[in-house]
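Chemist: The following comprises the amino acid sequence and a computationally predicted model.
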Amino acid sequence: MPVLRVALDLPLHRLFEYRADDASTADVGLRVRVPFGRGEKIGVIVEVVAEGEWPLDQLKPAGPVLRDAAPLPADFFELCRFASAYYQAPLGEVVLQALPKGLKQLDPPARRAGRAAKPPRPLPPPALTAEQATAIDAVDIEGGYSAHLLFGVTGSGKTEVYLRLVERCLAAGHQVLLLVPEINLTPQLEERVSARFPETRVVSLHSELAEAARERHWRAAASGEAAIVLGTRLAIFTPMPRLGLIIVDEEHDASFKQQDGMRYSARDVAVVRARQNAIPVLLGSATPSLETWANARGGRYGLLTLRERANREATLPAVDLVDTRKMVLREGVSPPLADAIRVRLERGEQSLVFLNRRGYAPVLACPACGWVSRCKRCAANLVLHLADRRLRCHHCGFEHGVPRACPTCGNQDIHPFGRGTQRLEAWLGEAFPEARILRVDRDSVKSRKQWESVLERIHGGEADILVGTQMLAKGHDFPKLTLVGVLGADSALFAADWRAPERLFAQLMQVAGRAGRAELKGEVLIQTQYPDHPLFASLVGHDYEGFAAGQLKEREQAGFPPYAFQAVLRAEAPEMAAAIDFLTAAAALPEASGQNDVAIYDPVPMRMARLANLERGQLLVESYSRPALQAFLPRWRAAIEALKAPSRLRWHLEVDPLEL
Ligand code: ADP
Ligand code: ZN
Ligand code: ZN
C-alpha cells in the first residue's frame, strides 16, 4: 500500500507519513487533507513511496487529495529543498509559506473571479542607446544559466533593458519573474510593464494584495497563464512552469531579506533558482550590494554597465557638500540650502528635503531632571509625534499621550530634542509661507492608495517642497524636481554597524537620483560636519566603483563578508541571563567544539537589547568557507533543537544576516 510523505507547516525537520490506498506518484505536489493530533491539517505531498520510515500499521490514513490546483512542479520542490537546507528551515515551513492562504485552509472561502484590468495604451519603445543594446545582447535568453549585474545610474535606462529582455523571453514562449523591493512604491512600473505588453497577462504578488487577489494571481502564475509576474521577495517561491528569466531590480535593497520566519534573501534565492532551472538571471542596481559587486568583479557574474543617462538631455545632478561646522542652522537647515529652495520657488520648480527620520522629534526630555521619553518595552526612545500628539515607539508600536509635565519631577518645561520630518515640515512652512509643502513618510502615506494620490499631487505640480524619508528616494521620476537637500546624513557615518556606510551611500545616491530626471538640471546639497569623509568624496564624484573598492578593501582586511560567511544564533527571553545562558550552552555543545573551519564567538546582547519586553542575545558563527559553514550548521542546529530551553525562550538561526 502506498505511503504519502507529506510536508506540514510545523517547526520540525521531517516529513509526515500517511497511508493512502489509491495514491500514485502522479499525486506528488498535490495538497492533501490529513489528520493531525486531534484535528486536521492541509499538507503537500512530497513523495509517494511503497514503504515509508514507519511501520505501515502505525500510520493513519490520509484524507482526500485536493485536485483543484495543478500539482506543484518538481523544480518548485528542488528550490524549497535548497532553501530548507541552506537556511536551516524545515521543508514543511518552506513549502507551505510559498502557498497563498486559500490553498492552506481547511475550509477556504469560495473563490470569486477577478476583473481583468483594462490594459493601458501601449507606448512605442524608445530607440536603444548603444550601452543598452550591448547589455541586452549580452544576456542569452536560450543559453542556459547565466547571472549578470546590470550596473547603471538612476535614469540610465535599466528598466528599458528589462523590458526588452522580457520581450525576447515572451517571444520564446517563456514566463518572466520580475522582483522589485516594494511593490506599493512601484505602481508606475506595473503600469509601464502592462503598457508595453498589452496582450500579455501581467500579475503582481505582494503582501498588500487582498488574499483572494493574491490567490488568483498565484494560480495564474502557477498555471502558466500569466506570462509576467511582478512581485516582492515572497514571489521568488512562486511555481512558474515556463519560467525563462528572473530579473531582480534594485538588487541591493534590504527588503529582499526576509526578517522573520525563514530568514532568506530573495535575491540570493533568485540566483539559485536560475541555476537550478538553467535560465538567466539579471540583477540591476545603481549601487549594487558589495556581495554582488564582488561577484561581478570576480567574474562569477557578468558585468553590464550603463554609464550615461538614457535621456540625452538629462545629465547627472551636481552633488555639493555644505560644510555646516561654521554655519548657523535653522531647524537643521543651512543658509545655502534655504537659498537654493528659494531659487526653486521663484522658478516654479520643486525641491525635496530628505531626512530619514519620521515624527516630530526623536525624543522628549526634561532639562531639569534628565528624564527622557523611553519605551517601557524596548531599549529605545519614544518618538514625539506632534501631528496627533502621541509618543510612539517605532520598534514595538507602544504609544501614549504626550505628558504636559515631566512625569518624574513635574517640571512643565519639557522639550523635544532633535528633529524629524514633522518638525522640518513645520519650520519650512514658516520660512516659506507661500510654498505648498508636502510631507511624505510612513505616517502621512499608509496605503498604496494614499501613495498613488501623493504621486499624482507631485506630478500635478501641487507641491513646491517635498519633505520626506527614504520612501521618496526610490525610483520615481519627478520632472519638476531640481533640488535635493540632505539632512542628518552624518549620524550613519560612524555607526557601529559596518554595513552602515554601504546603506548610506546607496540611499544618498538614490535620493540624489531624484534630482533633474528630465530637461532641468538637478542639484544636490548634502549638509555635513565631515566634508572630508571619503564617502562624501565618492558621492560628489558619482563614484560608486571607487566607494565599493574602498569598502571591499576594508572588509577584506577585517575579514567581513563577502570575504567571510556568517550565521547568527539569536535567543530572546524575558531575562537577558536566560538568553545568554542558552547561547552559551549552544556554543558549548560537542557539535560546536573542535571546529577548525568555523569560528564561534561569545554570546552578546544584541545592539537593541530589549524589544517588546524581551531581552535579546546573539551568537555569531563565521567561516572563510561557505561549504564548511554549511556542513557545520545542520549538525549544530539539530543539537540545539535537543537542548532544554526555558519555556519562554525563543531562538532562531539566521544565515547570511544583514544586521548584527
Ligand atoms: P532606470 O531604470 O535606470 O532608472 P529608466 O529605464 O526608468 O531608468 O529610464 C529613465 C528614463 O529614460 C525614462 O523616462 C525612460 O523612458 C527613458 N529612456 C530609457 N531608455 C531610453 C532610450 N534608449 N532613449 C530615450 N529615453 C530612454
Ligand atoms: Zn523632570
Ligand atoms: Zn517599544
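Modeler: Structure's in. What do you need? Please read all numbers here as calculations on a predicted model, not as lab measurements. Ligands and ions are numbered 1, 2, ... in the order given.
Chemist: from here on, contacts and neighbour counts on C-alpha atoms
Modeler: Noted.
Chemist: Which parts of the stretch 401-550 of the chain are helices?
Modeler: For the stretch 401-550 of the chain, the helices defined by DSSP state H, counting those that start in this stretch cover 421-431, 448-459, 500-512, 534-540, 544-558.
Chemist: Can I get those helices in a markdown table including distance to Asn613, mean pLDDT and mean neighbour count?
Modeler: Listed next are the helices of the stretch 401-550 of the chain as a markdown table, based on distance: least, Cα to Cα, whole Å; pLDDT from 0 to 100; neighbours: other Cα atoms under 10 Å:
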| stretch | distance to Asn613 | mean pLDDT | mean neighbour count |
| --- | --- | --- | --- |
| helix 421-431 | 28 | 97 | 19 |
| helix 448-459 | 32 | 88 | 16 |
| helix 500-512 | 26 | 94 | 21 |
| helix 534-540 | 37 | 96 | 19 |
| helix 544-558 | 34 | 96 | 16 |
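Chemist: With ligand 1 as the reference, name the closest of those.
Modeler: Judged by Cα to the nearest ligand atom, the one of those that comes nearest to ligand 1 is helix 500-512, at 9.7 Å.
Chemist: helices or strands up against that closest one?
Modeler: Helix 500-512 makes packing contacts with helix 534-540 when contacts are defined by 3 or more Cα pairs under 8 Å, 6 or more residues apart in numbering; DSSP states H and E.
Chemist: same for the helix it packs on, what does it pack against?
Modeler: Contacts of helix 534-540 with other secondary structure elements, assessed using 3+ Cα pairs under 8 Å, 6+ apart, are made with strand 318-323, helix 500-512, helix 544-558.
Chemist: pLDDT weak spots in the stretch 51-200 of the chain?
Modeler: 111-120, 184-186 (pLDDT under 70).
Chemist: Could you do the stretch 551-660 of the chain as well?
Modeler: Counting by pLDDT under 70, the stretch 551-660 of the chain contains no low-confidence segment.
Chemist: How about it: which residue is closest to ligand 2?
Modeler: Arg610 (24.1 Å; Cα to the ion).
Chemist: can you count the residues close to the residue of the stretch 551-660 of the chain found nearest ligand 3?
Modeler: Going by Cα to the ion, ligand 3 is nearest to Ala612 of the stretch 551-660 of the chain, at 5.4 Å. Neighbour count for Ala612, taken as other Cα atoms under 10 Å: 16.
Chemist: The residue nearest to it when sequence neighbours are not counted in helix, strand or coil?
Modeler: Once its chain neighbours are removed from consideration, Ala612 has its nearest residue in Arg377; the separation is 4.7 Å (Cα to Cα, 6 or more residues apart in numbering). Under DSSP: H, G, I helix; E, B strand; the rest coil, the three-state class of Arg377 is coil.
Chemist: do stretch 283-295 and ligand 1 meet at all?
Modeler: No - counting by Cα under 6 Å from any ligand atom, ligand 1 has no neighbours in stretch 283-295; the shortest distance is 7.6 Å.
Chemist: Residue numbers of the stretch 351-500 of the chain in contact with ligand 3?
Modeler: When proximity is defined by Cα under 5 Å from the ion, the stretch 351-500 of the chain lies next to ligand 3 at 375, 377-378, 393, 396.
Chemist: residues contacting the residue nearest to Ala612?
Modeler: For Arg377, the contact set (Cα atoms under 8 Å, 6 or more residues apart in numbering) comprises 396, 398, 610-614.
Chemist: What's the ChimeraX line that selects buried ones from those residues?
Modeler: Here the buried members of the contacts of Arg377 are turned into a ChimeraX selection, burial being counted by 16 or more other Cα atoms under 10 Å:
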select :610,611,612,613,614
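Chemist: Which residues of the stretch 101-250 of the chain lie near ligand 1?
Modeler: Residues of the stretch 101-250 of the chain lying close to ligand 1 (Cα under 6 Å from any ligand atom) are 126-129, 152, 154-160.
Chemist: Need the contact partners of stretch 234-248.
Modeler: Residues from elsewhere that reach stretch 234-248, judged by Cα under 8 Å, 6+ apart: 72-73, 76, 79-80, 98-99, 141, 162, 166, 169, 173-180, 205-206, 218, 221-224, 266-267, 269-270, 274, 279-284.
Chemist: measure that stretch end to end?
Modeler: End-to-end distance of stretch 234-248: 13 Å, with Cα to Cα, to the nearest Å as the criterion.
Chemist: Could you do stretch 527-535 as well?
Modeler: With Cα to Cα applied, stretch 527-535 spans 13 Å between its terminal residues.
Chemist: List the buried residues in it.
Modeler: Per 16+ other Cα under 10 Å, stretch 527-535 contains these buried residues: 527-528, 530-531, 535.
Chemist: quick one: the strands in the stretch 101-250 of the chain?
Modeler: 146-152, 175-179, 202-205, 228-231, 243-249 (DSSP state E, counting those that start in this stretch).
Chemist: could I get those as JSON lines with mean neighbour count?
Modeler: Formatted as JSON lines, the entries for those read as follows, by neighbours: other Cα atoms under 10 Å:
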{"stretch": "strand 146-152", "mean neighbour count": "24"}
{"stretch": "strand 175-179", "mean neighbour count": "25"}
{"stretch": "strand 202-205", "mean neighbour count": "23"}
{"stretch": "strand 228-231", "mean neighbour count": "25"}
{"stretch": "strand 243-249", "mean neighbour count": "26"}
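Chemist: Nearest to Leu483 among these would be which one?
Modeler: Of all the strands of the stretch 101-250 of the chain, the one in closest proximity to Leu483, counting by Cα to Cα, is strand 146-152 (21.5 Å).
Chemist: how about the nearest residue to the residue positioned nearest the centre of the chain, chain neighbours excluded?
Modeler: With distances taken as Cα atoms, centre = their mean, the residue of the chain nearest its centroid is Ser255 (0.5 Å). Excluding the flanking residues, the one nearest Ser255 by Cα to Cα, 6+ apart is Pro181, at 5.7 Å.
Chemist: my guess is the one you found meets Arg233, correct?
Modeler: Yes - between Pro181 and Arg233 there is a contact at 7.1 Å, judged by Cα atoms under 8 Å.
Chemist: who touches stretch 418-425?
Modeler: Among residues not part of stretch 418-425, those counted as contacts by Cα under 8 Å, 6+ apart are 331-332, 355-363, 385-387, 437-439, 441, 467-469.
Chemist: Would you pull up the residue in the stretch 101-250 of the chain closest to ligand 1?
Modeler: Closest point on the stretch 101-250 of the chain to ligand 1, by Cα to the nearest ligand atom, is Gly157, at 3.1 Å.
Chemist: Identify the residues contacting the closest residue to that residue other than its chain neighbours.
Modeler: Setting aside the residues directly before and after it, Gly157 is nearest to Ala310 in space (Cα to Cα, 6+ apart), at 5.3 Å. Counting by Cα under 8 Å, 6+ apart, Ala310 touches 129, 155-157.
Chemist: Then Glu291?
Modeler: Glu291 makes contact with 561-562 under the criterion Cα under 8 Å, 6+ apart.
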